[in-house]
Structure formats: C-alpha cells, structure tokens
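S.K.: generate a structure from the sequence data that follows.
(chains A and B)
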Amino acid sequence: MTDFPRWRYWLVGIVMVLGLVYATPNVYRPQPAVQISANREAKIDAALQKQVAADLTKAHIPFQDIAIGKDRMLVRFANTQVQLQGSDTLRLALGDDYTVALNLATTVPHWLQAIGARAMPLGLDLQGGVHFLLSVDENAVLKKQQQRYLDDIRSILRQKQIPYDVVSLSGDGVQAVFKSADDRDKATTAIGADTTDLNLTDARTPGGGYALHADIKPDVLRTLAQAAITQNVTTLRNRVNALGVSEPLIQQQGQSRIVVELPGVQDTAEAKRALGATATLEYHADDPNVNPQEAQRTGDVPPDDRLYFMKDGTPVVLKKRVIVSGDELVDASAGFDQQSGMPDVNVTLNSAGARRMLDFTTENVGKRMGVVYIETTPVVKIVDGKEVHTSRTTETVLNNAVIQGVFGKKFQTTGLSQQEAQNLSLMLRSGSLAAPMDIVEQSVIGPSLGQDNIKKGDRAIVLGLSLVLLAAAIYYRLFGLVADVALVFNLLLLVAVMSVVGVTLTMPGIAGIILALGMAIDANVLICERIREELRNGSTPLAAIRAGYEHSFPVIVDAHVTHLIASIALIAAGAGAIKGFGVTLAIGIIISLFTSLTMTHAITALIHGGRHRKLKTLWV
Amino acid sequence: MEIFPHNLNINFLGMRKVSIVISTLLVLVSIWAIMVKGLNYGLDFTGGVLIQVNYERPIDVGDVRTALTKAGLDHAVVQSVGGTRSISIRLQLPKNRDRHVSPDQVAGAMSKKVLTALQAGHPGAKLAQAPDFVGPEVGQQLKQSGIYAVIVVIIGIVVYLWARFEKRFAFAAVASEIHDTVITLGIIALVQREFDMTVLASILAVVGYSINDKVVVFDRVRELFRLTRKAKTQDILNRAINNTLSRTIITSGFTALAMASLWLFGGSAVHGFAITMLIGILVGTLSSIFFASPLLLWFGVSKNDLMPVTRENPELARRP
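M.R.: Residues are numbered from 1 along each chain as shown, chains lettered A, B, ... in the order given. Below is the predicted model of the structure:
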C-alpha cells in the first residue's frame, strides 16, 4: 500500500515503544514503607539507621531494608500489617525529634525513573485511607470582616475628630449614624480616602439621624472568602504534615469546600484531632503599670488587663485589646539581623494590620508588646459513661519584646537565640484558620477493601478485554487481530499517558478506561464492516482497504468528537469521582482516534502492502 | 464470519407508528416511575450516615430492621454487604438539628444509638469502621452538577451536530438521547436500584454512548442522501439502518460483553456502573434502530437539507 507515507510508520512505531516504556512502571507494585524525617536539629545519619534497626529487631518486627535518602530515611516492610506495627514502634522510640510517616516506596527500576516514567498514583478507594470534606463557613468570613471595618471606621472617625452617634453592624457592612449631613459628608470623604473596599451610601434613620451605610463590596468579599480558603488549605497542610502522612491530598473543591485525603491512615479520630486544632495569634500591649509577679500573687488585675504566662511560667500582664491578630499576618520568617548579625524573626502584616500596628507603635515606643498564641484542641472526655465533647484552650505568651521604633507593615523581633527565632517563626506561620470549618463528609476505606477493589477491577478488565479480543478475532479474522493489537495498545497508551500526567487512578477511572476501550472497539468495528461492504460491492482487496478507511473516517471522527464533548462536560461540571471518570474518558477517546485510524491502518498497510504480492482475498 | 446477512432489508420505517408509540409509552412510564416512585438516592445525594455493622453469626436483614424500628430509627435503609454477616445501615441526618453541632458529632451519636439497638438482640454486633457521613448540602450540589453536566452535554452535541449535519439531525439525536436517558433512569427508579455517584457517572456515560450510536446511523443517512439521485427519504433511512445494523449490534455486543464482565467480577464498587451501562446500551441500541430515524422522517429531513453543507465544505465535497 504505497499511499501510506513512511513517516507515519515511524510515528506509529515510536508511539508504540513510548507507550510500552511509560506504561511499564505500573507493573511494579509499591511497597509498604515507613518514612522518617528529622525535625529541627535532629539528623538523618548512619547512627539513626543503626538505632532504627535495633529498635525494630528488639520489637521483633521484620523489615526488609533501611535506606538513607535526601533528608529522609525509608524503612521497607513486607506488608501493611508489619508496616503499621513498625511505624507505631518507631514513633514511640524516636520521639518528637523525628516525624514518622506511612509511605509507599516505589519499586520502579532506576533507569525507568531516570526518564520520568512512574506509576499511576492510586486513589483512596484503591489503597485505603480516610477522606474528609470540610466546608468553610463563609458567613464567618463576612462577620469577621464586618467587625474589622467596624473597628477601622471608629478609629478613622476618632482620628479625624468627626462626631458620631453610633457605629454598628448592619447587613453586609457597617452603619454609622451622625447628627448632621455635614459630619456625614466629612466621614464619607475620610473613609473613602482610607479604603476603596466599601460601598458608601447615605440614608436616613427612622429617628431622623444621618446614616452612612458602608457595605463591603461583593467582589472584595469574594476575594476575601477565597483568601480565607487558601489560608485554610495552607494551615491544614501544616497540620497534616505534623500528623506524618506521606502523600496527603489537600485541595479546594468547588467554592467553599476543602477535601482532605490521607492515604494509609485508618484512625479518623487521630486525624480529626490534628485537623480540628485551631491556633491563632494576637498581639497585645504590655501594661507597664502592673507588676506581673505581684498580680500573680494577689490575683489583682485591672479590668482592662489580663494575666498570661510565658512558656517557662513567667507571668506577663497584657492589655485585653487586640492590636493585630494572626489572620492579618502575611508572613513570618527566621533570619539574621543585617547589622548585628543576631538571629531575628521578620514579620509582615497585611495593610489593615499594618495601619493599626503603625497607630499603636507611634504612641508606644519604648514600651513592650506581647504575642499570645492561642490553641484550641477538641477533647473527648468520658463523664458518667457518656462521651462529652469539649475543647481545651491554651494561651501562651510567645514573646514580650520592647518596641524599638515606629513600624507598620514589616518589623523584626530580635533578642532571640537562633533556636527561639526558628520556633517563633514556625509558630507564627502555622497560625490560624482564617475561617472556621465543618466536616461535612467523612469516609474510611480499609486497606483490604482497596486491595480487593484493585484485584477485582484488574480481573474484570482482563477478563472483559480478553473476551472482546477473542470475539473480534473470531468475527473479523485477520482484521480482528489487527484491531486487537490496536486495542491492547490503546490500553497501554492510556495507562502510559495517565502515569506521565499523574492522573490518580480510582474505581470510576477504571470504568472510564473500559468505556474508552468500548469507543476504540466501535471504531474498529466500523472500519471492518466498511471494508467488508466495499468488498461486497466488488472492490479489489487493496481498494477496499483504502475505501474502507476513507469512508469510515468522518463517522469515526464525528462519533469521537461528540463523545469527547460529553466527557469534557463531565470534567467541567463534575467534581471528585465524576471528574476522574471524565478525565480518563477524554484521554482514552483521543488515544482511540489515533489507535483506530492511524495505528491499525499502519499495521494493515504493512501486512498487505508487499510490493510484489498480489492480493487475492482479504481475511476480514 | 457473519451473523447478519449483508443483503438484509428490513422495513424498520414501516414499523415506525408502532415503534414510536412504544417509545412514547416507555418514556411516559419512565417519567411516571421517576416522579411517583422516585429515585432511590444513595448516601452521596441524600446526605446522612452510613454505618457498617459486622455480626459474629449470619443475620437476617429483616431482624435488623425490626430492631431499629423498635429503637425509633424508622427510616433506616438496611442492606447486606458481601455475605450475611455484615450489613450497612443508612440513616438520614435529623432535619432540624442544632447548627452548632457539627454533622460529624451527630453521626457519632447516631452510630452509638444504632449499635445499642442492635446489641440488645445480638451482643456480637460491632461497628466495622468509623461511620461514613455526607452532609445534606453536598448531595444537593452533586445533583445540581449532575443536571448541569447533562445540559452542557446536550447543548454541546446539538451545536456540533448542527454544524456537521443539519439542525433536524441535531434535534433528532438529542430527542433520542433524552429518550434513552429517561428510560434508563425510569428502569432504575422502577426497580429502586440505589442511585449513587457511580450510577450518576454511568448515566452520563450512557448519554455519551447513546449519541455515538445515533451519529453512526445519521452519518450513513447523510452519505446515502448525497450518493443517490432519486430516492424516497423513507427508503434512504431504511437502507442506512440496514447497512449499519451489523455494526450497531456487534459494537453493542462487544461493549456489553465488557460491561457484563465488570458487572459479574468487578466487585460492588463498579456494580451499579456496569448494570446501568448494560441497561443504557440495550435502550440506546434499540432507539438507534427504532426511534431516531423515524424521528428524522417525521421532522421532514430531505436530500436538499444536506446539499448546502457540501458546497460550503470543500473537504466533504471531495468525498464520493
């Protein structure tokens, strides 16, 4: 068949080889392992390796291999049962200096890893773990912002000395009431100069006052809500890291949801405690007029003040009023002071926080300011045989430093040891959730169920595919066999693309693979039927092949494009499982176009295209 | 090997009155089933708590229901999962619950209540794992995105077919697609199969599969219209169906083969998907033969409708 260009043979050949190579890693099943990484100063070295081996041997837990990698150590085990025992033992033995996490170690050979070939990550339904869907309370974001603008507007009015009757929360914002229209106009100008985030409208109160409505603009509110979710995702990630899970999935889903998937974890209670802990920060002014030691002794604290303690138990008396809170903190990092070379912590605030900090420091140079760290952990207690859910709040003063000068957006905290600086910046960052969250969905998939699913899914696919391959070979003979080769490569290529792109394989994904294979079958059936038809109409074998491919081209393209539209709609409109199904289907359809139109054509042309052969009959 | 004689010429369009009446009846019955019996929505949609309990000895599902009713848990859906010793119980979250209590805590309380009720009769009953739960708003959103997905699919397909064929083809295809989807949903509602996330995925897959079938027949109709000089529309449609009949049934057969193996051996996770696809394949195949083309005839498609497209599209004109 001379009309089939040579470069296409090459293309088909290269694609087949690439597909084979990049699909291969999936044959190597990952091995259960425990990953050890160091916290703070602790080191991953040969000494630790020895210690780990000794600990495991002492507990009679068989392990296969201990390898030191970049910043981490991997201990491999024979199965998940032993892996769980091993991780419990090591967690106890190594203490807080190391994070011990469940992991699945790859067994893919190095030469494959070197060319970027890797196995498909498995979804939770296939490897077991816990799944949470958290819903962020958007209303709380609004409330919080309202409160902030309320404070801001009050301080602006006071600063500009504009007399007002009352400033209160209303609707989507704040309402301020004035005695005269003149005052109101002045306030409008002052607030407008300060921020553009508010819609300012005039109104009259029933009592005859001049009211000014300051509503937060909807797009500002949307931006704030999105920022809140982003911050929550970051905070959750920090907390999950503390939990020691190796490839956790934490991502936003839809407008106000966050999905958290922790592979390998089976204990929901432990996971929830880590996720549920809320921490926040507050900057308070120190009250220099009160002696903390005396206040602690007598319990006599002024009404505007509160007695706090530092980590080492030193008492501190701070003002109750909050200057800046944790959600106004943009960044905190440990470093060294440029001039003195002493360790310090660099803090960056957002603009609202910066303004209040500027106002405060302007008046308070030389006085002290304390940072309070507030952590709330949900606690379950058994009282009279009943479970009682409470929460425990711990408030500690991280640092109480002298204000050296006037500052706003950026400032440094110095006078710390390097270790203290590191710790403080970590605490500042791991900070707060910007909005409270509720768990709205929770499920546990046992590891055995996951393995069972894989086994069954594998078996069903192999069986279904072999039945179809057999049926095609019987019904369409030689052309059926060609179609079979294309079908097998369709599966290989699909697996290869999914592996390289990193699409997570789930049960619905497997269903998508099967459906995509159905599309490929259909395309081949169309071609074979068409060739038979051409033969019946009296074409010579070669002409029949040519006409068969040519005539089935438009219908195959139409069918694939319509199906592709359907799968893209699934990706666009669906979330979670539906989306995974759509992604697999879409990739499969595009590959099916290639395998059924180009690959089978190339193979057919190769078989029937010998220059000296005269084709009498076709085996179709 | 050939199953169907190639010179087959069944007058499918001759049966169009009967077939359209049957199709219409099926759609009406399906709508009735969906409206009156309703879909048996799963946990994914209704929200609620799913509790799995393992027993030491085989247990009768009826006993479990009685025990739960006694404890005042009336609307529990009890099913056995894999074998007779473990069952799953689905409960709705209380409607007017306290906003301050998280669904998580409600779920914990409910599973405790269920377990107490069950252990009264069988002390060996144990929770298999922590209860799964889905908040009511999650399911609401899933329903919305499901409906949204179907609408997007339909619009996309109408636009594409309108451009590639002609508007009557687009409408006939979409009408038969809705026909297939409604009947598939109707059957699910009739047998009260649980409608969960995987069944939703398979309904969306049926939408894709069914349109594929119609496109193949319509493509042949278009080709025959362009090839033949004088022929009645009805004869053209009949020939198109007969010419593609072998392909229609073979493809359906092959796909059904794969789905059947998924259904029989794929485990509970894909069970719902496979069975819905099997129903969808059957309905879709029949409607490609008996419903879609009569609809085309009814819409008054003619040779002239397809000619302008040829002139506008030089690539198509080159084809015989």
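S.K.: domain assignment for the chain?
M.R.: Just going to use chain A. Here the domain assignment for chain A is A:6-25+A:447-608, A:31-105, A:139-221, A:277-441, based on automatic domain parsing.
S.K.: oops, I was thinking of chain B
M.R.: According to automatic domain parsing, the domains of chain B span B:13-41+B:137-318, B:48-134.
S.K.: who wins for proximity to residue B:271 among the domains of chain A?
M.R.: Counting by CB to CB, residue B:271 lies closest to domain A:6-25+A:447-608 out of the domains of chain A; the figure is 10.1 Å. (Glycine included, C-beta is placed from N, CA and C.)
S.K.: show me how far that closest one is from its chain's centre.
M.R.: Centroid displacement of domain A:6-25+A:447-608 relative to its chain, using CA atoms, centre = their mean, to the nearest Å, is 32 Å.
S.K.: and residue A:302, how far is that from chain B?
M.R.: 33 Å (CB to the nearest CB, to the nearest Å).
S.K.: on that earlier part again, deepest of the domains of chain B, which one?
M.R.: Across the domains of chain B, averaging neighbours per residue (mean count of other CB atoms under 10 Å in any protein chain shown) puts domain B:13-41+B:137-318 on top, at a mean of 20.
S.K.: and the domains of chain B: which comes nearest residue A:508?
M.R.: domain B:13-41+B:137-318 (5.4 Å).
S.K.: mean confidence for that closest one?
M.R.: Per-residue pLDDT values across domain B:13-41+B:137-318 average out to 87.
S.K.: give the contact list for the residue nearest to residue A:48 when sequence neighbours are not counted.
M.R.: Among residues not flanking residue A:48 along the chain, residue A:73 sits closest, at 6.6 Å (CB to CB, 6 or more residues apart in numbering or on different chains). The neighbours of residue A:73, taking CB atoms under 8 Å, 6 or more residues apart in numbering or on different chains as the test, are A:35, A:36, A:37, A:44, A:48, A:49, A:52, A:66, A:67.
S.K.: ok, which stretches of the stretch 251-400 of chain A are strands?
M.R.: Counting by DSSP state E, counting those that start in this stretch, one finds strands in the stretch 251-400 of chain A at the ranges A:257-263, A:278-286, A:305-309, A:315-325, A:329-336, A:343-349, A:368-383, A:386-402.
S.K.: and the contacts of the first one?
M.R.: The contact list for strand A:257-263 (CB under 8 Å, 6+ apart) reads A:102, A:104, A:124, A:127-136, A:229, A:232-233, A:236, A:240, A:243, A:245-253, A:271, A:275, A:437, A:440, A:576.
S.K.: would residue A:61 count as being in a helix?
M.R.: No - assessed with DSSP: H, G, I helix; E, B strand; the rest coil, residue A:61 is coil; it does not lie in a helix.
S.K.: got phi/psi on it?
M.R.: Dihedral angles of residue A:61 (phi, psi; degrees, to the nearest 10) stand at phi -110, psi 110.
S.K.: now residue A:45
M.R.: In terms of degrees, to the nearest 10, the main-chain angles of residue A:45 are phi -150, psi -170.
S.K.: picking that back up, please name whichever of the domains of chain A is nearest to residue B:194.
M.R.: Closest of the domains of chain A to residue B:194 is domain A:6-25+A:447-608, at 15.1 Å (criterion: CB to CB).
S.K.: SS state for the residue nearest to residue A:48?
M.R.: strand.
S.K.: pLDDT score for it?
M.R.: So residue A:73 comes in at 86 (pLDDT).
S.K.: residue B:38 touches residue B:186, doesn't it?
M.R.: No - if you go by CB atoms under 8 Å, residue B:38 and residue B:186 don't touch, sitting 11.4 Å apart.
S.K.: check the chain for its longest helix and report it.
M.R.: Chain wasn't specified; assuming chain A. Scanning chain A for the longest helix, with DSSP state H as the assignment, gives helix A:447-501.
S.K.: oops, chain B please
M.R.: helix B:233-265.
S.K.: is it up against chain A anywhere?
M.R.: Yes - interface with chain A: helix B:233-265 contributes B:243-244, B:246-247, B:250-251, B:253-255, B:257-262, B:264-265 (CB under 8 Å from any CB of the partner chain).
S.K.: residue A:34 versus the residue of the stretch 151-300 of chain A found nearest chain B, what's the distance?
M.R.: The minimum distance from the stretch 151-300 of chain A to chain B, using CB to the nearest CB, falls at residue A:268 (4.4 Å). Here residue A:268 is placed at a distance of 21 Å from residue A:34 (CB to CB, to the nearest Å).
S.K.: those two: which is more packed in?
M.R.: Between residue A:268 and residue A:34, counted using other CB atoms under 10 Å in any protein chain shown, residue A:34 has the larger neighbour count: 29 against 21.
S.K.: how about that one, what does it touch?
M.R.: Counted by CB under 8 Å, 6+ apart, residue A:34 has contacts A:74, A:75, A:77, A:83, A:86, A:87, A:90, A:100, A:101, A:102, A:103.
S.K.: what mean pLDDT does stretch B:120-127 get?
M.R.: 81.
S.K.: same question, stretch B:71-90
M.R.: Averaged across stretch B:71-90, the pLDDT comes to 76.
S.K.: how about it and chain A, touching?
M.R.: No - applying CB under 8 Å from any CB, one finds stretch B:71-90 separated from chain A by no less than 9.2 Å.
S.K.: other residues contacting that stretch?
M.R.: Contacts to stretch B:71-90, defined as CB under 8 Å, 6+ apart, come from residues B:42-43, B:46, B:48-59, B:61, B:64-65, B:68, B:91-92, B:113-114, B:116-117, B:128, B:194, B:268.
S.K.: now do 7 Å
M.R.: B:43, B:48, B:50-55, B:58-59, B:61, B:64-65, B:68, B:91-92, B:113-114, B:117, B:128, B:268 (CB atoms under 7 Å, 6 or more residues apart in numbering or on different chains).
S.K.: quick one on the thing from earlier: same list (the domains of chain B) but as TSV, adding distance to residue A:144.
M.R.: Formatted as TSV, the domains of chain B follow (distance: least, CB to CB, whole Å):
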stretch	distance to residue A:144
domain B:13-41+B:137-318	22
domain B:48-134	18
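S.K.: mind listing the helices for the stretch 51-200 of chain B?
M.R.: B:61-70, B:103-121, B:136-164, B:167-190, B:197-227 (DSSP state H, counting those that start in this stretch).
S.K.: returning to that earlier point: how far off centre is the longest helix of chain B?
M.R.: Distance, centroid of helix B:233-265 to centroid of chain: 18 Å (CA atoms, centre = their mean).
S.K.: ok, residue B:261 to residue B:187 distance?
M.R.: Distance of residue B:261 to residue B:187, computed by CB to CB: 21 Å.
S.K.: helix or strand for the residue lying closest to residue A:53 once chain neighbours are set aside, which one?
M.R.: The spatial neighbour of residue A:53 that comes closest, neighbours along the chain excluded (CB to CB, 6+ apart), is residue A:66 at 6.1 Å. Using DSSP states H and E, residue A:66 sits in strand A:65-68.
S.K.: quick one: buried residues of stretch A:352-362?
M.R.: A:352, A:353, A:354, A:355, A:356, A:357, A:360, A:361 (16 or more other CB atoms under 10 Å in any protein chain shown).
S.K.: which of those sit farthest apart?
M.R.: Spatially, the most separated pair among the buried residues of stretch A:352-362 is A:352 and A:361, at 15.2 Å (CB to CB).
S.K.: closest to chain B out of the contacts of residue A:73?
M.R.: Among the contacts of residue A:73, residue A:35 lies closest to chain B (CB to the nearest CB), at 24.8 Å.
S.K.: am I right that that closest one is in contact with residue A:101?
M.R.: Yes - contact criterion CB atoms under 7 Å: residue A:35 and residue A:101 qualify, at 4.7 Å.
S.K.: now do the contacts for the closest residue in space to residue B:107 that isn't next to it in sequence.
M.R.: Ranked by CB to CB, 6+ apart and with sequence neighbours excluded, the top spatial neighbour of residue B:107 is residue B:133, at 4.1 Å. By CB under 7 Å, 6+ apart, residue B:133 lies in contact with A:441, A:442, B:48, B:49, B:50, B:103, B:107.
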